[in-house]
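Colleague: Please find the sequence and the predicted model below.
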Amino acid sequence: MADTATLLVDAPEATAKDDLTRARDLEAQGHSDEAAAAYHAAAASGRRFGELSIVAEALRRLGILLFNRGDPQMGGEMCRESLRVAIEAREPRLAAEALNTHAVIELESGDFAAARTLLEDAVALAGDWPGLRARVEQNLGIIANVQGDWLGARSHYARSLDAYRAAGDQRGAALAYHNLGMIDTDQRRWDEAEAHFARSLDIALSLEDAHLEGLCRLNQGEVLHALERFDAAYENVSGALRIFNRLGCEPDKAGAYKLLGMIYRDTNRVSLAEARLGSAVELFQTCGSPLGQAEASRELALLYGQTGQSRQALSLLTDAHKLFLKLDARADLVDIGAKLQQLETTYLAVVRNWGESIESSDSYTFGHCQRVAEFGVALARELGLDGVQLMTIRVGAYLHDLGKVRVPHEILNKPGRLTDEEFGVIKRHPVWGVEMLADVELPWDVKPIIRWHHEKYDGSGYPDGLKGEEIPLSAQIICMVDVFDALTTTRSYRGAMSSEVAIGKMRETARWWRPDLFEAFLRVVPTLPMAEAA
């Protein structure tokens, strides 16, 4: 608070009420620097003349402004000081306002547990002030929404709308309509969402509330993007971005960049999409919004996956995965589990597409990675492995032949027997695969699968000649199902075998695999999609 104290001493003399009014007008008009100075002046005047209620309100509103400009830490400090002054002034309503505003900052920063605690304290002080009750209900609705409790969120927002109307607060009612529109968007109720955003926008325009106008245009853009009305979506989001730029609202600007990037991506403007999504990731990170950063990273990863930049896509998805896991560790963010599942679906799509792109160089192996993944997961389930291990098997299966991209085409597609020299090249692909991922950190331990999926239990495999339990179970699983798929599909050097013949061949080399693993595989074979009875 030392910086605040200095500003209070240096503030020009003026009546606190006039300075506060001027600050609010400047903020509504989008003049954030001038508004910040006026809030400081209002707090200084209030201190000078003993008007503590003005000090508390000026500090609280300054906290909001600082947060919107990308400084959540200082915004929170202003709210805490506002609460302290309100308690000193014995103003429970202002104390509740400070708590509620601080809760908003914590909510936007991703700390929902802290936000809920602050809101519960605000409820205890709110009394019969309908406007304050409305805002607390609104924020409880936001928490319910993020948790995936759409019914609870809709109820909170509806009560918030009633309270705003009772208080005669048009802007509050506009916010309630806006939040109801967001619930409709989450539930893909596009017509209802558009109607709610339109009502909110009408009020925002009548009140000349630039920030709310920007939010409405941004969220209308999201609806229009979902409906593939890309030109209209672009106009709305561009308008919102101009507003947020003028107001200096960094978190909202990040959201606009993200949606613009998605529009560019889905209209095949790759360079613009990469630039806007990259800006969104950086800005969300700067603003301290891990949820926004994770979601923007996912959207950029989708772009990279679509344009064949698979390594970059995996790096971004890994970053997003870490952020979601960090958030998922908190019980209050229960809906993060659904977002994490969506992210993992994206991850699988990227690695599957990468695996298939590698297979395209070998006309005989298309679909191999997909089958190995399905067979490997089936065997892993038979062994009772958990969800993380199943995901490891699936991702490892898609990437196990990654290194084959460095094998010359004429060797991969040679119709006859390979020479020792040619086979020596083939034997290097597991090492090459790991090298290709050397600077890519993955959420699952798949590199042992890539390097050791040709190792054999009897020590006769490659590239490292591992033996017995030196070979990780995941690599042994992929080795076994890889051999089975190779035997039962047509290759350049021979035709496909039936499942029965393939199993016979594998029995002859059963020493290659752990005995209990081979027995489990024999139980699974009849359940495989293309398998007959062994």
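Modeller: Now that the structure is in, tell me what you want to look at.

Colleague: CA only for contacts and neighbour counts going forward, please
Modeller: OK.

Colleague: Lys404 touches Val425, doesn't it?
Modeller: No - look at Lys404 against Val425 with C-alpha atoms under 8 Å: they stay out of range, at 9.6 Å.

Colleague: higher neighbour count, these two?
Modeller: Lys404 (23 against 16; other C-alpha atoms under 10 Å).

Colleague: Could you check how far that one is from Pro448?
Modeller: Counting by C-alpha to C-alpha, to the nearest Å, the gap from Lys404 to Pro448 is 16 Å.

Colleague: same check, this time on Pro251
Modeller: 40 Å.

Colleague: quick one, which of those two is more surrounded?
Modeller: Pro251 (26 against 17).

Colleague: what sits against that one?
Modeller: By C-alpha atoms under 8 Å, 6 or more residues apart in numbering, the contact list for Pro251 reads 68-70, 283-284, 287, 289.

Colleague: Low-confidence ranges, this protein, go.
Modeller: For the chain, applying pLDDT under 70 flags the ranges 1-14, 127, 327-340, 358-366, 491-494, 529-534.

Colleague: Which residue lies nearest the spatial centre of it?
Modeller: Most central in the chain under C-alpha atoms, centre = their mean is Glu295, positioned 2.7 Å from the mean C-alpha point.

Colleague: so what's that residue closest to, chain neighbours aside?
Modeller: Ranked by C-alpha to C-alpha, 6 or more residues apart in numbering and with sequence neighbours excluded, the top spatial neighbour of Glu295 is Ala320, at 7.1 Å.

Colleague: Now for that neighbour, how many residues are close by?
Modeller: Neighbours around Ala320, by other C-alpha under 10 Å: 25.

Colleague: Only alpha carbons, please: show stretch 304-313 as PDB.
Modeller: Below are the C-alpha coordinates for stretch 304-313, written out as PDB (Å, rounded to 0.1, in the frame of the first residue of the first chain):
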ATOM      1  CA  TYR A 304      -1.000 -26.500 -36.000                       C
ATOM      2  CA  GLY A 305      -2.400 -30.000 -36.300                       C
ATOM      3  CA  GLN A 306      -4.400 -29.000 -39.400                       C
ATOM      4  CA  THR A 307      -1.400 -27.500 -41.100                       C
ATOM      5  CA  GLY A 308       0.900 -30.400 -40.400                       C
ATOM      6  CA  GLN A 309       2.900 -28.700 -37.600                       C
ATOM      7  CA  SER A 310       2.400 -31.700 -35.300                       C
ATOM      8  CA  ARG A 311       5.400 -31.100 -33.000                       C
ATOM      9  CA  GLN A 312       4.300 -27.500 -32.300                       C
ATOM     10  CA  ALA A 313       0.800 -28.700 -31.700                       C
END
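
Colleague: Name the residues of it that are buried.
Modeller: 304-306, 310-313 (16 or more other C-alpha atoms under 10 Å).

Colleague: Same question for stretch 262-276.
Modeller: Buried residues in stretch 262-276 (16+ other C-alpha under 10 Å): 262-265, 270, 272-276.

Colleague: Helices - which of the residues you listed land there?
Modeller: Among these, the ones falling in helices (DSSP state H) are 262-265, 270, 272-276.

Colleague: possible to save the residues you listed as TSV with distance to Ala158?
Modeller: Formatted as TSV, those follow (distance: C-alpha to C-alpha, whole Å):
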residue	distance to Ala158
Met262	31
Ile263	31
Tyr264	35
Arg265	36
Val270	41
Leu272	39
Ala273	37
Glu274	39
Ala275	39
Arg276	35
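
Colleague: Verify the assumption that Ala378 is located in a helix.
Modeller: Yes - using DSSP: H, G, I helix; E, B strand; the rest coil, the assignment for Ala378 is a helix.

Colleague: That one reaches Val524, doesn't it?
Modeller: Yes - Ala378 is within contact range of Val524, at 7.0 Å (criterion: C-alpha under 8 Å).

Colleague: buried sites along the helix or strand harbouring His211?
Modeller: Assessed by DSSP states H and E, His211 sits inside helix 210-226. Residues of helix 210-226 classed as buried: 210-225 (neighbour count, 16+ other C-alpha under 10 Å).

Colleague: Quick one: the helices in the stretch 151-300 of the chain, in order.
Modeller: Here the stretch 151-300 of the chain has its helices, by DSSP state H, counting those that start in this stretch, at 170-186, 190-207, 210-226, 230-247, 250-266, 270-286, 290-306.

Colleague: Run the angle between the first one and helix 210-226 for me.
Modeller: Relative orientation of helix 170-186 and helix 210-226, computed by axes from the mean of the first three to the mean of the last three C-alpha atoms, to 10 degrees: 20 degrees.

Colleague: between helix 170-186 and helix 190-207, how many degrees?
Modeller: Using the same axes, to 10 degrees: helix 170-186 against helix 190-207 is 160 degrees.

Colleague: From Ser460, how far out is the nearest residue to Ile426 once chain neighbours are set aside?
Modeller: The shortest distance from Ile426 to any non-neighbouring residue, by C-alpha to C-alpha, 6+ apart, is to Val407 (6.6 Å). The spacing between Val407 and Ser460, counted by C-alpha to C-alpha, is 22 Å.

Colleague: Would you quantify the distance from Glu508 to Phe518?
Modeller: 12 Å.

Colleague: quick one: which of the two has more around it?
Modeller: Phe518 (20 against 9).

Colleague: Without its sequence neighbours, what residue ends up closest to the more buried one?
Modeller: Ala510 (7.1 Å).

Colleague: what separates stretch 156-166 from the chain centre, distance-wise?
Modeller: 30 Å (C-alpha atoms, centre = their mean, to the nearest Å).
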